[in-house]
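**Student:** got a predicted structure plus its sequence, pasted below:
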Amino acid sequence: MTINKPRVIQDFEKLSKEIQEQIKLTYPNGFSQHLIQFTNKDGKFISALPFETDEKYYLVRMTSDEADEIIYADDDYDDDGILKDNVKEEFVDKYAELDYMSDAVNETEEEEEEFEEKFDEPYDEDDSDDDNDDDSDADEEEVED
């Protein structure tokens with residue numbers, strides 16, 4: 001059974017702090033690459049960031065430049081536009097019980113597990129490419145031709 005949710009078109013700054021935090025957790029690597037475009041009821045072309053809760057479907061109005069500016073000016077994001085780990089952990093703890101946030105929370109936990117699996121194994125110096133220097137030089141020569 002599909003329930004039609006009210007659609008809310010609003011600026012990011014006008015959203016509640018809780019919704020802003022949930023959006024950050026959903027889009028930890030920034031907003032601009034997730035923007036959608038649509039034509040509003042007045043025929044005006046709009047770009048917005050989609051976000052859905054149990055009660056509403058938000059279209060957070062912003063251009064790509066505005067999306068980048070929001071991230072750049074926000075202390076919750078690092079210089080590369082990535083949500084800081086301590087902030088992410090805080091938001092996961094805070095919103096983990098919300099059903100509609102389960103995907104964002106699970107993705108965060110899966111990313112952490114993948115990172116740990118990848119980097120928990122000690123570096124084996126015996127597997128270095130030092131033995132294959134002759135082969136790599138040959139490959140480089142072939143590329144130069």
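**Tutor:** Received it, and whenever you're ready, just let me know what you need. Computed from a prediction, not measured in an experiment: that's the story for all the values here. Residues are numbered from 1 along each chain as shown.
**Student:** in stretch 30-47, which residues are buried?
**Tutor:** 30-32, 35, 46-47 (16 or more other CB atoms under 10 Å). (C-beta placed from N, C-alpha, C; glycine too.)
**Student:** among the residues you listed, which are in strands?
**Tutor:** Mapping the buried residues of stretch 30-47 onto strands (DSSP state E) picks out 46-47.
**Student:** a markdown table for the buried residues of stretch 30-47, including pLDDT and distance to Glu21?
**Tutor:** Below are the buried residues of stretch 30-47 laid out as a markdown table (pLDDT from 0 to 100; distance: CB to CB, whole Å):
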| residue | pLDDT | distance to Glu21 |
| --- | --- | --- |
| Gly30 | 94 | 15 |
| Phe31 | 96 | 14 |
| Ser32 | 94 | 19 |
| Leu35 | 97 | 19 |
| Ile46 | 92 | 24 |
| Ser47 | 96 | 22 |
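**Student:** what is the most widely separated pair among the buried residues of stretch 30-47?
**Tutor:** Spatially, the most separated pair among the buried residues of stretch 30-47 is Gly30 and Ile46, at 19.3 Å (CB to CB).
**Student:** distance-wise, check the closest residue to Ser32 other than its chain neighbours relative to Pro6.
**Tutor:** Spatially, and ignoring its direct neighbours in sequence, Ser32 is nearest to Ala67 (4.0 Å; CB to CB, 6 or more residues apart in numbering). Here Ala67 is placed at a distance of 23 Å from Pro6 (CB to CB, to the nearest Å).
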